[in-house]
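Enquirer: One predicted model, sequence on top.
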Amino acid sequence: MKGQAHILEYFFLTFFVLMVIVLVAIFLTAYQSMTSGSLQSEYETQDTMFMLKTFSNYPILNKRGYKEGSMFEDSKLTAATCGDMETIFGTGWFAEIIAKDSMAEKECTVNDYPLCNKWTFCKVSGEDFQAFEVPVNIYRKTTRVVSAGILRVGFYD
Amino acid sequence: MILIVLMIIIMMGMGIFLLFSSIRDSSSSEFDNYYTHNLLLTVLRTHTGYKSPCSTVSETISSAFLLPGTTCQGRMKSDILNETIPVLMDAVKKPNLEYYLVIQPENWEVAGGRRLEFGKSWVDNEEDKSVANEKILQYGSNLRVKLVLAEG
């Protein structure tokens, strides 16, 4: 009888140790996947922040004299090309700047300027992407009016 | 019995650790702050379509505070703001966000005076909100502008 009780005790002890090992393994796996997921999203947000801030303050695209926020100049946006931007930011991204005025959305080319309100750089249709946007100002050089708009930056998966 | 209690303590400890480590997300709040500040600057700098001293939103705000009851091209300055700010906000902010914009003189809490409010005031009471502050010093005014954003 005493021997049986000892065996039962050992059985419970072994079961407890095994349960603790399984729990620790589950915990470590969950923690690992959680931290790697949050690190991934943190890197993505940092990349986006860098891209948005650099784009917003890049002298080739912005009106001079604004230290904070952005003041894109429409003539500079129209003159800039995807190739120009790729020499600075590399590949695998796109950017759109849309002035939210009373006009219907119209892509800006050298021929349509200034009767247009959307500038697109390096957009490839059909590819999956993740995009982020921030409000920006756009200076319309011909009318000297400051419009509100959005800058959308996307990264291809 | 002791083993069961030990097991419960271990499980609770792990659960609490996982919960706390999932809470911190500094980079997303950095983006929210950047977004809110950009939205506030964008709205303040945008032209209203009226002539000076109402050409931009910030100019209209300062002149509405300094010379209340006056007009620009026949329209009350406060009406211009009531008409322009909500339209601008809706045009550029993300549709899932609600805003609350407050404009008041510096030391309003002590000295009192006029105060302009736009958007929904409940946004200011939300726990998960993002706040941007700016000052308007045009024409000798000293105004504090606060924009609060939260998910609606």
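Expert: Everything's here; your move. Residues are numbered from 1 along each chain as shown, chains lettered A, B, ... in the order given.
Enquirer: the strands in chain B, which residues?
Expert: Assigned by DSSP state E, the strands in chain B fall at B:71-72, B:75-76, B:97-105, B:116-119, B:129-136, B:143-151.
Enquirer: Kindly report the residues of chain A close to chain B.
Expert: A:12-13, A:16, A:19-20, A:23, A:27, A:30-31, A:34-35, A:38, A:41-42, A:45-46, A:48-49, A:52-53, A:56, A:68-71, A:100, A:132-137, A:145-150 (C-beta under 8 Å from any C-beta of the partner chain). In short, each C-beta sits where N, CA and C put it, glycine included.
Enquirer: taking the residues you listed one by one, which sit in helices?
Expert: A:12-13, A:16, A:19-20, A:23, A:27, A:30-31, A:34-35, A:38, A:41-42, A:45-46, A:48-49, A:52-53, A:56 (DSSP state H).
Enquirer: returning to that earlier point: the residues of chain A next to chain B, buried ones only, as a PyMOL selection?
Expert: To isolate the buried ones among those in PyMOL, judged by 16 or more other C-beta atoms under 10 Å in any protein chain shown, type:
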select buried, chain A and resi 27+38+42+45+48+49+52+56+69+70+71+100+132+133+134+135+136+137+145+146+147+148+149+150
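Enquirer: would you say A:T120 is within a helix?
Expert: No. A:T120 is assigned strand when assessed by DSSP: H, G, I helix; E, B strand; the rest coil, not a helix.
Enquirer: give me every residue that touches the closest residue to B:K77 other than its chain neighbours.
Expert: Nearest non-adjacent residue to B:K77, counting by C-beta to C-beta, 6 or more residues apart in numbering or on different chains: B:A64, 3.8 Å away. Going by C-beta atoms under 8 Å, 6 or more residues apart in numbering or on different chains, B:A64 touches B:77-78, B:80-81, B:116.
Enquirer: Repeat the analysis, applying 10 Å as the threshold.
Expert: B:A64 is in contact with B:53-54, B:70, B:72, B:76-81, B:103, B:114, B:116, B:141, B:143, counting by C-beta atoms under 10 Å, 6 or more residues apart in numbering or on different chains.
Enquirer: Can you select the buried ones among those residues for me in ChimeraX?
Expert: This is how ChimeraX selects the buried members of these, with burial counted by 16+ other C-beta under 10 Å:
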select /B:53,54,72,77,78,80,81,103,116,141,143
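Enquirer: which residue packs closest to the residue nearest the centre of chain A, ignoring adjacent ones?
Expert: In chain A, the C-alpha nearest the mean C-alpha coordinate belongs to A:T48, at 3.6 Å (C-alpha atoms, centre = their mean). Spatial nearest neighbour of A:T48, chain neighbours left out: A:F132 (4.6 Å); criterion: C-beta to C-beta, 6+ apart.
Enquirer: contacting residues for the one you found?
Expert: Applying C-beta under 10 Å, 6+ apart, we find A:F132 in contact with A:44-45, A:47-49, A:51-52, A:151-155, B:31, B:35.
Enquirer: what do you get if the cut-off is 7 Å, keeping everything else the same?
Expert: Going by C-beta atoms under 7 Å, 6 or more residues apart in numbering or on different chains, A:F132 touches A:48, A:52, A:153.
Enquirer: tell me the pLDDT at A:H6?
Expert: For A:H6, the pLDDT comes out at 80.
Enquirer: what about the helices in chain B?
Expert: B:2-23, B:26-45, B:57-66, B:77-92, B:108-111.
Enquirer: secondary structure element for the nearest residue to A:L61 once chain neighbours are set aside?
Expert: Distances taken as C-beta to C-beta, 6+ apart put A:K76 closest to A:L61, at 5.2 Å, once the chain neighbours are dropped. Assigning secondary structure by DSSP states H and E places A:K76 in helix A:74-79.
Enquirer: which of the residues in that helix are buried?
Expert: Neighbour-count burial for helix A:74-79 [16+ other C-beta under 10 Å]: A:74-78.
Enquirer: returning to that earlier point: who wins for proximity to A:N111 among the helices of chain B?
Expert: A:N111 lies closest to helix B:77-92 among those, at 26.6 Å (C-beta to C-beta).
Enquirer: any idea of the mean pLDDT in the closest one?
Expert: In this model, helix B:77-92 has an average pLDDT of 95.
Enquirer: again, but for stretch A:20-34
Expert: 81.
Enquirer: now do stretch A:49-68
Expert: Computed over stretch A:49-68, the average pLDDT equals 84.
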